[in-house]
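Participant: make a model of this:
(2 chains)
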Protein chains: 2
Amino acid sequence: MITPKTLSGFKDRLPKEAMAKGAVLEKLARVFRSFGFVPIETPHLEYASILTQEEGEIQKELYLFKDHGKREVGLRFDQTVPLARFIAQHSHALGLPFKRYAIGNVFRGERAQKGRYREFTQCDFDFIGSSSLLCDSEIIQVIIASLKALDLEEFCVWINHRKILNGLCQHFGLHTEEEITAFLRIIDKLGKIGQQGVILELKACFPLMDFQAFLEIINTKQQEDPLEFFKSVAYLKAYNSTLKEGLEELEALFKLLLSLEINPDHFKIDFSIARGLGYYTGIVYETTLNQLTSLGSICSGGRYDNLSKSFSLKSFPGVGASIGLDRLLVALEELELIENKSTSARVLVVCMDASHFSYASQIAQNLRQSEINTELYPEIGKLKKPFGYANQKGHEFVVVLGEEEVQRETLTLKNMTTGVQFNHLSFLRVLAMVKE
Amino acid sequence: MITPKTLSGFKDRLPKEAMAKGAVLEKLARVFRSFGFVPIETPHLEYASILTQEEGEIQKELYLFKDHGKREVGLRFDQTVPLARFIAQHSHALGLPFKRYAIGNVFRGERAQKGRYREFTQCDFDFIGSSSLLCDSEIIQVIIASLKALDLEEFCVWINHRKILNGLCQHFGLHTEEEITAFLRIIDKLGKIGQQGVILELKACFPLMDFQAFLEIINTKQQEDPLEFFKSVAYLKAYNSTLKEGLEELEALFKLLLSLEINPDHFKIDFSIARGLGYYTGIVYETTLNQLTSLGSICSGGRYDNLSKSFSLKSFPGVGASIGLDRLLVALEELELIENKSTSARVLVVCMDASHFSYASQIAQNLRQSEINTELYPEIGKLKKPFGYANQKGHEFVVVLGEEEVQRETLTLKNMTTGVQFNHLSFLRVLAMVKE
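Facilitator: This is a model prediction of the structure:
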């Protein structure tokens, strides 16, 4: 006998959770498509050489092994590296610009901890092949529309621009790309280890730099009006041209977003958003839920200049974001925005005798033809069991068919919410009551 | 520079194909849910011990390796073994009977060949925890409803009963389970290697048996009326009790199905359907498309007695089927039942100047609010490019915004199907024309 269990860091989704996930994905995909994003699929397994070109911590977490042909292969750890490979391989067939979304599972052998899984689902959307401001604006719009589609109302996309951070770094004496990247990797930890933790690390790594002044600037919060905020930091433009460009590009983005009918509480400037990954070159953003800030960002991303540089001589600029679905589902559960059901059927049909299976099947078929999801209870016997089943799973109605119902061609209907039972109804009456 | 390519036997899906797959899955899931089936999810990765308990060819095709904790792990090769593990682990929380569907990718390191992939998608649905005839009938109904939902009309579910085959085997002198399994594995190849191939193999393995007489019986075809057919083979009931039970159970199933409003061309008796897998104990079935029989079965399954026997002392009967999605998609493509589009948007909005991005974004937003998927072309310049883009991807309409349009708050609309262009329309007029 083998013990039935999942691997540590992996999990099953029971129906309630799987249905909630499915409903969320359907809503997200509908938003992505409404903006003209199209789905693509890449394999879960790639050549190891494709996955190992990315630097950093992630390398230790890769699932790498040899396949039957002794090839070094690995499970994907994100959907961006496969996208870079995909674009380099298919850009001619696709035609640029190209807007793709991808919903899929990725694998990271991280140390297992609460709420962190080794297999998890990412929803990515990217606008590739254009440097236009319109793309940046659209990605922010998609994030906002996605969260609103899930009935989230209290959230904010915190937006920054890499040129602002780079310009500030230059101003404070950091000049090589390595220095700036190392510095911003520490800044990126503000949310995780807090101001004091960051200061300790900066002291150790950048003892000569006036990072207190740097931190003061990036901690300046946006006032009510973003355009007022841009005025208040306009003095930074004089520091250097990188800073100037960054501020102007960010301001142009905000002006475009503000001209649309979007609640301005949903997007704000935050100079402290750094994003650890080296490849960002333009705007960067994170998204938090006002009631659950401790959860961290549920949707992050930014603009990059050169998506497929490891695979192609051609340069592909783009801008995109990734929704961490598992974290988002935790949030929706906490905010009670998820349906608490374990059934996809609204009606359960129960027979008192096996000879009524045909009549019951016809009733169920007719209900389905009227778009009412209907389940048949397959066993006969005491009514206690099917009613317990309906209560456990969450059916709204139970239809009972006994000898009399079958002979008179009627139905007995119980409304499971009110507990009221109606005897000997016609099919059309039942249909009307269920549709109400 | 790394060559951008997928592993042999693995493939990318470009938007047209991924959209077609998504649309098919959505339709299938809707049918599954209409019968009260609920989704579950299990990890792609399982303990190797869970995957290696299944016998046969499959063992050579498993992707097995060691993870970071030196555990022996493997990629799932189907969704039935994970289901067996899942049911043994969660049956108390789930409550029986339990109807689950699962749409997911599985991995088999088979020799790569045309149309066969090492990663492919299965859509499984199973009715677990009940031996009722109603479940068998429902699985057949779900298969038929699924294919009809995809606009397939010319197909047949070929149904047999393991007890009929077992009873026949007994009658012809095979008595041990091993003998019967080995014999039926050869019979199962009828579709692949034909009558002559099967006879050759049978001669070699069962030289003393009168397999010609056996083949004659199982090749008897159903006449127009299934009930007439049952009459014509009623003499078999006298052979032994296994045969009698099998025939009676199959006849009861047909009577139930025939009492519903289902086209009787969609389900027929075929005594030659064996299904190779050892665990089937009741009805078994395969599904072929009349115009594409050479494609083989696109949906197969059957009834089993003891789903989780490797994981649990408790017995879980069930009945289920699996749709091979990749093969189904090939069929839909051949039968021209798949949309030939690479965009999810119906309308493409094009600007002549970057200063019009705000007006264009508002137009797009308003169209989306009316449920019209709308894409913005992010670049400005010559109109040739965006029109080429719309032609390549399949947008139905292009909206052009020039200086005059913006000033007069009008739109220019081109119908890409008819080629007709309308200048200076109001937004409401455009909305009406697009909705038409």
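Participant: now the nearest residue to A:Asn263 once chain neighbours are set aside: which helix or strand?
Facilitator: Distances taken as Cβ to Cβ, 6 or more residues apart in numbering or on different chains place A:Ile144 nearest to A:Asn263, at 8.0 Å, with adjacent residues excluded. Quick note: C-beta positions are derived from backbone N, CA and C, even for glycine. If you go by DSSP states H and E, A:Ile144 is part of helix A:133-149.
Participant: skip ahead from that helix and say which helix or strand is next.
Facilitator: Following helix A:133-149 in sequence, per DSSP H and E, is strand A:155-161.
Participant: may I have stretch A:408-423 as PDB, with CA atoms only?
Facilitator: Only the C-alpha atoms of stretch A:408-423 are listed here, as PDB (Å, rounded to 0.1, in the frame of the first residue of the first chain):
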ATOM      1  CA  ARG A 408     -48.600  12.400 -12.600                       C
ATOM      2  CA  GLU A 409     -45.600  13.800 -14.500                       C
ATOM      3  CA  THR A 410     -45.000  16.300 -11.800                       C
ATOM      4  CA  LEU A 411     -42.000  17.300  -9.600                       C
ATOM      5  CA  THR A 412     -41.500  18.000  -6.000                       C
ATOM      6  CA  LEU A 413     -39.100  20.900  -5.400                       C
ATOM      7  CA  LYS A 414     -37.300  21.900  -2.300                       C
ATOM      8  CA  ASN A 415     -35.600  25.300  -2.000                       C
ATOM      9  CA  MET A 416     -32.500  24.500   0.000                       C
ATOM     10  CA  THR A 417     -32.000  28.200   1.000                       C
ATOM     11  CA  THR A 418     -35.500  28.800   2.400                       C
ATOM     12  CA  GLY A 419     -36.200  25.200   3.300                       C
ATOM     13  CA  VAL A 420     -39.600  25.500   1.700                       C
ATOM     14  CA  GLN A 421     -40.900  22.400  -0.200                       C
ATOM     15  CA  PHE A 422     -43.400  22.500  -3.100                       C
ATOM     16  CA  ASN A 423     -45.200  19.300  -4.100                       C
END
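Participant: on that earlier part again, show me what the helix holding A:Ile144 is packed up against.
Facilitator: Using 3 or more Cβ pairs under 8 Å, 6 or more residues apart in numbering or on different chains; DSSP states H and E, the elements in contact with helix A:133-149 are helix A:15-34, strand A:119-128, strand A:155-161, helix A:241-258, strand A:280-289, strand A:299-304, strand A:318-324, helix B:357-369.
Participant: for chain B, what are the nearby residues on the stretch 301-436 of chain A?
Facilitator: A:308, A:310-313, A:342-345, A:348, A:354, A:357-358, A:360-362, A:364-365, A:368, A:373-379, A:389, A:392-393 (Cβ under 8 Å from any Cβ of the partner chain).
Participant: from these, which would you call buried?
Facilitator: Using 16 or more other Cβ atoms under 10 Å in any protein chain shown as the burial test, these include A:308, A:310-312, A:342-345, A:348, A:354, A:357-358, A:360-361, A:364-365, A:368, A:373-379, A:389, A:393 as buried.
Participant: show me the residues of the stretch 301-436 of chain A next to chain B that map onto strands.
Facilitator: A:348, A:374-376 (DSSP state E).
Participant: from these, pick the one nearest chain B.
Facilitator: If you rank these by distance to chain B using Cβ to the nearest Cβ, A:Glu375 comes first, at 2.7 Å.
Participant: that closest one pairs with what?
Facilitator: A:Glu375 forms beta bridges with A:Leu348, as assigned by DSSP bridges.
Participant: can you list the low-confidence ranges for the stretch 151-300 of chain A?
Facilitator: Residues of the stretch 151-300 of chain A that meet the criterion pLDDT under 70 lie in A:277.
Participant: without its sequence neighbours, what residue ends up closest to the residue of it found nearest chain B?
Facilitator: Nearest to chain B in the stretch 151-300 of chain A, going by Cβ to the nearest Cβ, is A:Ser259, at a distance of 4.0 Å. The shortest distance from A:Ser259 to any non-neighbouring residue, by Cβ to Cβ, 6+ apart, is to B:Ser358 (4.0 Å).
Participant: before we move on, what about A:Arg100?
Facilitator: A:Ile40 (4.9 Å).
Participant: quick check: that neighbour touching B:Met19?
Facilitator: No - A:Ile40 is beyond contact range of B:Met19, at 9.4 Å (criterion: Cβ atoms under 8 Å).
Participant: which one's more surrounded, these two?
Facilitator: Just comparing A:Ile40 and B:Met19: by other Cβ atoms under 10 Å in any protein chain shown the higher neighbour count belongs to A:Ile40, 26 against 21.
Participant: quick check, pLDDT for that one.
Facilitator: Predicted confidence (pLDDT) at A:Ile40: the value is 98.
Participant: for A:Asp78, which three-state class applies?
Facilitator: coil (DSSP: H, G, I helix; E, B strand; the rest coil).
Participant: residues near it, how many?
Facilitator: Using other Cβ under 10 Å, the number of residues around A:Asp78 comes to 18.
Participant: ok, now which ones touch A:Ser297?
Facilitator: A:191, A:286-288, A:324 (Cβ atoms under 8 Å, 6 or more residues apart in numbering or on different chains).
Participant: do that again at 7 Å, thanks
Facilitator: A:286-288 (Cβ atoms under 7 Å, 6 or more residues apart in numbering or on different chains).
Participant: out of these, the closest to B:Pro15 would be?
Facilitator: Comparing the contacts of A:Ser297 against B:Pro15 with Cβ to Cβ picks out A:Thr287 as the nearest, at 26.1 Å.
Participant: identify the residues contacting the residue lying closest to the closest one once chain neighbours are set aside.
Facilitator: When the adjacent residues along the chain are set aside, A:Thr287 lies closest to A:Cys299, with 4.1 Å between them (Cβ to Cβ, 6+ apart). Shown in contact with A:Cys299 (Cβ under 7 Å, 6+ apart): A:143, A:287, A:321-323.
Participant: same thing with A:Tyr117?
Facilitator: Taking Cβ under 7 Å, 6+ apart, one finds A:9-11, A:326 in contact with A:Tyr117.
Participant: apply 6 Å and report the result again.
Facilitator: A:Gly9 (Cβ atoms under 6 Å, 6 or more residues apart in numbering or on different chains).
Participant: check the gap between it and B:Glu261 for me.
Facilitator: 46 Å (Cβ to Cβ, to the nearest Å).
Participant: isn't the residue of the stretch 151-300 of chain A closest to chain B right up against B:Phe357?
Facilitator: No - using Cβ atoms under 6 Å, A:Ser259 is not in contact with B:Phe357, being 8.7 Å away.
Participant: tell me how many other residues surround A:Glu339.
Facilitator: Applying other Cβ under 10 Å, I find that A:Glu339 has 11 neighbouring residues.
Participant: ditto for A:Glu436
Facilitator: Neighbour number of A:Glu436 under other Cβ under 10 Å is 6.
Participant: just the pLDDT for it.
Facilitator: 84.
Participant: likewise A:Ala112?
Facilitator: 69.
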